[in-house]
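Student: got a sequence here, can you build the structure:
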Amino acid sequence: MRKRVTCCALGPILLCCLTAVSASSAQTFTTLAYFNQTNGSFPDAAMSQGVDGNLYGTTFQGGVANRGTFFKIGTGGQLTTLYNFCGQQNCADGQYPYSVVVQDQSGNFWGTTQGSQVPPYGNGTVFKITDTGALTTVYSFGGSDGAYPKAGLTLGSDGNFYGTTSAGGANNAGTVFKITPAGTLTTLHNFSFSDGNYSVSGLVQATNGVFYGTTLFSGPNGGGTVFKITAAGSLTTLHDFCSEPNCTDGEFPNGTLIQAADGNLYGTTSGGGTVSGCNNSNCGTVFKITQAGVLTTLYNFCTESNCLDGGQPVVGLVQGTDGNFYGATTYGGANDEGTVFKISSRGKFTLLHTFDGADGASPNGGLVQHTNGTFYGTTAVAGTGGGTVFSLSAGLHPFVKTNPPSGKVGATVIILGTNLTGAASVSFNGTAATFSVVSDSEIETTVPAGATSGAVNVVTATTTLKSNTRFRVTK
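Tutor: Numbers count the residues shown, from 1 in each chain. Predicted coordinates:
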C-alpha cells in the first residue's frame, strides 16, 4: 500500500456540497462540507458536540495564516470558521492545533496547539475559546515543562484539565500534566523512554478516578505502552506493545483509549498485529485491556483480501449506544483511502464505509456520536483539497450526554441532547433531580441527594432519553 501524504497541494473545492453514499441498506454516509484552505485544511482531530447542538473542531492548517483554524458546523453542514490561529505576533496565540476540543460547564472550549511564540514553531499552548471565537491563551509551554502537545485535554472530576505532551520535560520524552482553569500547570510525570515516550493520545478518566493513556513509542520493546496515572502523578505501565514475537499484540497506539460500559478499556494500534503489507509494516489491531493490564487482541486489520477492511488506524474508538465500537482506518478499503467500521466487544467486524477520495480520504480524526444518534467525523484529505466533514447514520436512536461525566451530590451537571424542550423529568439512576431546560439542546441540573452511579434519564413529551454512559457519583 502507498503511504498517504498528509500535506498536499490544495485546490478549490466548494463548501457544503452534499453527496450521499450508502454502505448498505442500514447505513447512510453523507459528506457535509469540504475544507478549501481558506476555511481551514487537514482536520486531524475529532469534533466535539457543544451545548448548542453544533459540532466544534480544529484544522491543523489553513485559514488566514495557514496555521490552523477553530470551526463549528451544524448537523446540516453549515460550516463557520470562528478563529484563525497565528493571528498574533510570533503566533503567541498558538499554531497548528492537532487536538480535539473539550467544552467546560461555562460553555468555553479548551484545547492545545503544537506551536507558539518563538518562530517558527515554539513549544505549544493551552487555550480556551468561546463559541463565538474569542480566544485566550491560558498557558505557553517552555520545553522543560513539556512541548508540542498533540492530544486534547480531559476535564477531570476535580474540575482541572489533564493532558500529555509529545516531547519536552526532564527527559525530552514528553510529559503528563494537570492545569487548573486559572492556568496553573503541574507536571505529573516525565516520561523516560523506558516507560514510554511521544504520547500523542489524550487521557481517559475511568470510573475508579484514575487516568489511562498510551505512548506511541518506546517502553522495553519500542512499540509503545498503555499506562495509568493518578491525579497525584503516580504512573504505572500496564502493557508494553510488541511484547509478543513479531509484535502480534500490536504496536504504535495513536488513539485515545475509551472505557466501555463493561469497565474495560478499548483502543487501537496503528501497527503490529498478524497481517503485514501496510507501508512495509503490519496493519494494526483493535484491542481490549482490563484496568489491571490484561490485553486481548480483538481484531487484526487487513484480514480481508486486498485489505478491504482497512489498515493502520491512527484514531481510537467510540462506543455507540448499541454497545458496539465505531472507528476509522487511515489506509485500506476498496480504494486505499481509508474506511469506517463497527466492531463488537467480541471482535465481530463490520465494514460501514469505504472512502473513494472524492468523499474524503485518510480519516485521521476519529468519530463522535451526536445525541441525535448519528456519527460525525473528518477526513484529512479530499481529492487535492484539505479534507471533509462527514456524517454516518447507523440507525441508532437519540440519547443524552452529561458534562461532566461524574460529580458529587449537589454538583452542577449539564445535559446535552436533542428536542429537550418540554422535558418532564430528570433522574440519576432512578433518583429524581431538579432541573431547568436551558434550550432545545441543553438542560442544567444538579446531582440529587441519594443518587447512585448509573444512567441519567430524561423524560420528554414523546420518549425517554438515556445517557450513553453511566454517570459516576463521587464522594
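Student: wait, isn't residue 386 in contact with residue 35?
Tutor: Yes - contact status for residue 386 versus residue 35: in contact at 3.9 Å, counting by C-beta atoms under 8 Å. For glycine as for every other residue, the C-beta is placed from the backbone atoms N, C-alpha and C.
Student: shared neighbours of the two, anything?
Tutor: Common contact partners of residue 386 and residue 35 (C-beta atoms under 8 Å, 6 or more residues apart in numbering): 13, 41-42, 59, 62.
Student: which of the residues you listed sits closest to residue 279?
Tutor: Lowest distance from residue 279 to the shared contacts of residue 386 and residue 35 (C-beta to C-beta) belongs to residue 42, with 19.1 Å.
Student: let me see the backbone angles for the closest one.
Tutor: Main-chain torsions, residue 42, degrees, to the nearest 10: phi 60, psi 60.
Student: which of the shared contacts of residue 386 and residue 35 are buried?
Tutor: Among those, those that count as buried by neighbour count (16 or more other C-beta atoms under 10 Å) are 13, 41-42, 59, 62.
Student: so which of residue 386 and residue 35 has more stuff around it?
Tutor: Taking other C-beta atoms under 10 Å, residue 386 and residue 35 do not tie; residue 35 has more neighbours (31 against 28).
Student: out of the buried ones among the shared contacts of residue 386 and residue 35, who's nearest residue 130?
Tutor: residue 59 (18.2 Å).
Student: picking that back up, now go through the buried ones among the shared contacts of residue 386 and residue 35 and say which are in strands.
Tutor: residue 59 (DSSP state E).
Student: let me have the buried ones among the shared contacts of residue 386 and residue 35 in JSON lines, adding distance to residue 413 as columns.
Tutor: Listed next are those as JSON lines, based on distance: C-beta to C-beta, whole Å:
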{"residue": "13", "distance to residue 413": "41"}
{"residue": "41", "distance to residue 413": "37"}
{"residue": "42", "distance to residue 413": "35"}
{"residue": "59", "distance to residue 413": "31"}
{"residue": "62", "distance to residue 413": "36"}
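Student: in a markdown table, list the buried ones among the shared contacts of residue 386 and residue 35 along with pLDDT and distance to residue 221.
Tutor: Converted to a markdown table, these look like this (pLDDT from 0 to 100; distance: C-beta to C-beta, whole Å):
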| residue | pLDDT | distance to residue 221 |
| --- | --- | --- |
| 13 | 32 | 43 |
| 41 | 96 | 36 |
| 42 | 96 | 31 |
| 59 | 97 | 35 |
| 62 | 95 | 38 |
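Student: re earlier: of the shared contacts of residue 386 and residue 35, closest to residue 178?
Tutor: Nearest to residue 178 among these, counting by C-beta to C-beta, is residue 59 at 27.4 Å.
Student: list the residues that contact residue 273.
Tutor: Neighbours of residue 273 in contact, by C-beta under 8 Å, 6+ apart: 247-248, 250, 282-285, 297, 300-301.
Student: for the strand or helix carrying residue 31, give the mean pLDDT please.
Tutor: In this structure, residue 31 is located in strand 27-34 according to DSSP states H and E. Mean per-residue pLDDT for strand 27-34: 94.
Student: check stretch 346-364 too.
Tutor: Rounded mean pLDDT across stretch 346-364 is 95.
Student: show me which of the buried ones among the shared contacts of residue 386 and residue 35 is closest to residue 155.
Tutor: Nearest to residue 155 out of these is residue 59 (C-beta to C-beta; 22.6 Å).
Student: from residue 108, how far off is that closest one?
Tutor: Separation of residue 59 from residue 108 (C-beta to C-beta, to the nearest Å): 19 Å.
Student: wait, residue 326 touches residue 341, no?
Tutor: Yes - using C-beta under 8 Å, residue 326 is in contact with residue 341, at 7.2 Å.
Student: next, show the common contact partners of those two.
Tutor: residue 352.
Student: ok, residue 149 - contacts?
Tutor: 98-99, 112-114, 124, 126, 141, 163-166.
Student: whoops, I mixed them up, residue 248
Tutor: Residues in contact with residue 248 (C-beta under 8 Å, 6+ apart) are 272-274, 297.
Student: out of the buried ones among the shared contacts of residue 386 and residue 35, which is nearest to residue 358?
Tutor: residue 13 (10.0 Å).
Student: closest to residue 368 out of the buried ones among the shared contacts of residue 386 and residue 35?
Tutor: residue 59 (15.9 Å).
Student: any idea how far the closest one lies from residue 164?
Tutor: Taking C-beta to C-beta, one finds residue 59 at 21 Å from residue 164.
Student: run a quick neighbour tally on the closest residue in space to residue 450 that isn't next to it in sequence.
Tutor: Spatially, and ignoring its direct neighbours in sequence, residue 450 is nearest to residue 431 (5.2 Å; C-beta to C-beta, 6 or more residues apart in numbering). Residue 431 has 16 neighbours, counted by other C-beta under 10 Å.
Student: all helices for the stretch 351-475 of the chain, in order.
Tutor: Using DSSP state H, counting those that start in this stretch, the stretch 351-475 of the chain contains no helices.
Student: low-confidence regions, it specifically.
Tutor: 383-384 (pLDDT under 70).
Student: now do the strands in it.
Tutor: With DSSP state E, counting those that start in this stretch, the ranges of strands along the stretch 351-475 of the chain come out as 367-369, 375-379, 388-393, 401-403, 406-407, 412-416, 425-428, 431-433, 435-439, 442-446, 456-459, 464-466, 472-473.
Student: quick one: which of the ones you listed is nearest residue 264?
Tutor: Comparing these against residue 264 with C-beta to C-beta, the closest turns out to be strand 472-473 (15.9 Å).
Student: show residues contacting the closest one.
Tutor: 157, 207, 405-409, 428-429, 447, 451-453.
Student: residue contacts, residue 260?
Tutor: Going by C-beta under 8 Å, 6+ apart, residue 260 touches 266, 319, 325, 345.
Student: and if we set it to 10 Å?
Tutor: 266, 288, 317, 319, 323, 325, 345, 469 (C-beta atoms under 10 Å, 6 or more residues apart in numbering).
Student: same thing with residue 68?
Tutor: Taking C-beta under 10 Å, 6+ apart, we find residue 68 in contact with 40-44, 58-62, 83-86, 91, 94-98, 113-115.
Student: swap in residue 40?
Tutor: By C-beta under 10 Å, 6+ apart, residue 40 lies in contact with 33, 57-63, 66, 68-71, 79, 81, 84-85, 386-387.
Student: give me that answer again for 8 Å
Tutor: Contacts of residue 40 (C-beta under 8 Å, 6+ apart): 59, 61-63, 68-69, 71, 81, 386-387.
Student: helices - which of those land there?
Tutor: Assigned to helices by DSSP state H, none of the contacts of residue 40 qualify.
Student: format the residues you listed as TSV; extra columns: distance to residue 363.
Tutor: Converted to TSV, the contacts of residue 40 look like this (distance: C-beta to C-beta, whole Å):
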residue	distance to residue 363
59	14
61	17
62	17
63	21
68	18
69	19
71	17
81	21
386	14
387	9
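Student: wait, which of these is closest to residue 313?
Tutor: Nearest to residue 313 out of the contacts of residue 40 is residue 387 (C-beta to C-beta; 17.3 Å).
Student: ok, that closest one touching residue 381?
Tutor: Yes - counting by C-beta under 8 Å, residue 387 sits close enough to residue 381 to count as a contact (5.9 Å).
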